[in-house]
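> could you work out the structure for the sequence below:
(chains A and B)
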Amino acid sequence: MRRALILGVMVVGIALLLWAGWHNLRERKLAMQKARENQVVLIPDKAGAAEGEDDLAPKMRGKKAPNFTLTNLDGKKVSLADYKGRPVLINFWATWCGPCKVEMPWFEQLRNQYASQGFEILGLADDADAGKDAISKVAQKSGVTYPILLTDADGKVQQSYGGLDVLPMSFYVDRNGVIVEQTAGLGSKDMIEANIKKTIASGTETGVGGL
Amino acid sequence: MRQILAAAVLLLSGVLYAQQGSLPMPAPRPKQYVTFQADPQELKTGKREVVELRFRVADGYHVNSHTPKSELLIPTALKLEDAAGVKVSSAEYPAGKLYSFSFNPSEKLDVYTSDFIVKLPVVAQAGAHMVTGTLHYQACDNAACYPPRNLPVRIAVTAK
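I've put the predicted structure just below:
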């Protein structure tokens, strides 16, 4: 009888603890949800985004790569559409960005390694204040021979790619013109190569849809 | 009895875990990587005094000093607008600290981290004045850099 009583008390106690735990967790979840909602409403950052929103989230993955036409260092117009049917890595960088300059020699090497599969890299200098000479100098120092394009001061291309609040930022575009991967910040060379392989493997040789 | 006790302990630990359960809140990315501490300044009328402007760089970030080691890097610079009744001389910037990215230890940068003070020689006429301007800077963390930004600066000056 005594044993049954102890058991009963324990069961009731455990049930109460379980209920308290569940209730506590639920309250916390609700409070956090409310806090997040308030964060969006009260601290607007810019159109379409809020303070605290993850800038590094791959927002463009799975979307069609927006076309652009920019001038290269030789003064010639280059469009993304010129590379229709080819896997392309679009890399935004700047002369003042140290991590960007670490990647560039890797890009050059990987571009040569996968050139036979149609792979190309376009380096877009997100450098409104730097002159063409400074951009050219950095590109040369990095040993880069892939096309370097000068973005416009109005930042329209950057905006079309989701607005770039961090550099380096890279978009891996497959043969169909679809962004299969988006990365922000300095990655490892192995990670970059894995993304290139993924981009080459994605899509079809026929380039359905185009850019 | 032992089995019951063991079951009770297990259930209790589960409850405690649920109560302490971590609900991760993503660290908000700051809109500004540098903040300004706007201390009101009380000065003596007509006398040259040095106002200290206190800035703080967000944890985990650095900004170039006023004299970075490369011409390609964007220096931290204060630009002030003319204010009636206040004459402001050239700002005096602190020396930066040596810094290297972990992925490129050979390159030494000259940066500000955590708190830094810009000194501003000022001569003010009697009364309350507001000096406004912007701090232009460019921030990085250990693996990425962020486009240059302008931090609004407002300095309330009262001369007596």
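
> CA atoms for contacts and neighbours, from now on please.
OK.

> could you pull out the helices for chain B?
Using DSSP state H, the helices assigned to chain B run over residues B:2-20.

> one more: chain A?
So, for chain A - with DSSP H - the helices run A:2-42, A:98-113, A:132-141, A:156-160, A:189-201.

> could I get those helices as CSV with mean neighbour count?
Formatted as CSV, the helices of chain A follow (neighbours: other CA atoms under 10 Å in any protein chain shown):
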stretch, mean neighbour count
helix A:2-42, 14
helix A:98-113, 19
helix A:132-141, 16
helix A:156-160, 15
helix A:189-201, 17
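
> what is the burial count for A:Gly163?
12 (other CA atoms under 10 Å in any protein chain shown).

> got the helices of chain A as JSON lines, with distance to A:Leu89 and mean pLDDT columns?
Shown next, in JSON lines, are the helices of chain A (distance: least, CA to CA, whole Å; pLDDT from 0 to 100):
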{"stretch": "helix A:2-42", "distance to A:Leu89": "33", "mean pLDDT": "67"}
{"stretch": "helix A:98-113", "distance to A:Leu89": "9", "mean pLDDT": "96"}
{"stretch": "helix A:132-141", "distance to A:Leu89": "16", "mean pLDDT": "94"}
{"stretch": "helix A:156-160", "distance to A:Leu89": "15", "mean pLDDT": "94"}
{"stretch": "helix A:189-201", "distance to A:Leu89": "8", "mean pLDDT": "96"}
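
> Throw the ones you listed into JSON lines and include distance to chain B, thanks.
As requested, those are arranged in JSON lines below (distance: least, CA to the nearest CA, whole Å):
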{"stretch": "helix A:2-42", "distance to chain B": "5"}
{"stretch": "helix A:98-113", "distance to chain B": "6"}
{"stretch": "helix A:132-141", "distance to chain B": "8"}
{"stretch": "helix A:156-160", "distance to chain B": "12"}
{"stretch": "helix A:189-201", "distance to chain B": "12"}
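
> so A:Asn67 sits against A:Ser79, correct?
Yes - counting by CA atoms under 8 Å, A:Asn67 does reach A:Ser79; the two are 7.0 Å apart.

> in chain B, which helix or strand is least confident?
Lowest on mean pLDDT, DSSP states H and E among the helices and strands of chain B sits helix B:2-20, with a mean of 53.

> in stretch B:126-142, which residues are buried?
B:126, B:129, B:131, B:133-142 (16 or more other CA atoms under 10 Å in any protein chain shown).

> shaky segments in chain B?
For chain B, the stretches flagged by pLDDT under 70 are B:1-30.

> that older thread, and the helices of chain A: which comes nearest B:Asp39?
For the helices of chain A, the distance to B:Asp39 is smallest for helix A:2-42, at 25.4 Å, taking CA to CA.

> extract the C-alpha set from stretch B:31-50 and format it as PDB.
The C-alpha coordinates for stretch B:31-50 follow below in PDB (Å, rounded to 0.1, in the frame of the first residue of the first chain):
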ATOM      1  CA  LYS B  31      23.500  48.000 -39.800                       C
ATOM      2  CA  GLN B  32      26.500  50.000 -38.700                       C
ATOM      3  CA  TYR B  33      29.800  48.300 -37.700                       C
ATOM      4  CA  VAL B  34      30.800  51.400 -35.800                       C
ATOM      5  CA  THR B  35      28.800  53.300 -33.300                       C
ATOM      6  CA  PHE B  36      29.300  56.800 -31.900                       C
ATOM      7  CA  GLN B  37      28.900  57.700 -28.200                       C
ATOM      8  CA  ALA B  38      27.300  61.100 -28.400                       C
ATOM      9  CA  ASP B  39      28.500  62.700 -25.100                       C
ATOM     10  CA  PRO B  40      27.300  66.400 -24.800                       C
ATOM     11  CA  GLN B  41      30.400  68.700 -24.600                       C
ATOM     12  CA  GLU B  42      30.600  71.600 -22.200                       C
ATOM     13  CA  LEU B  43      33.400  74.100 -23.200                       C
ATOM     14  CA  LYS B  44      34.700  77.400 -22.200                       C
ATOM     15  CA  THR B  45      33.700  80.200 -24.500                       C
ATOM     16  CA  GLY B  46      36.300  81.300 -27.000                       C
ATOM     17  CA  LYS B  47      38.900  78.900 -25.700                       C
ATOM     18  CA  ARG B  48      40.500  76.200 -27.800                       C
ATOM     19  CA  GLU B  49      39.500  72.900 -26.300                       C
ATOM     20  CA  VAL B  50      39.900  69.300 -27.500                       C
END
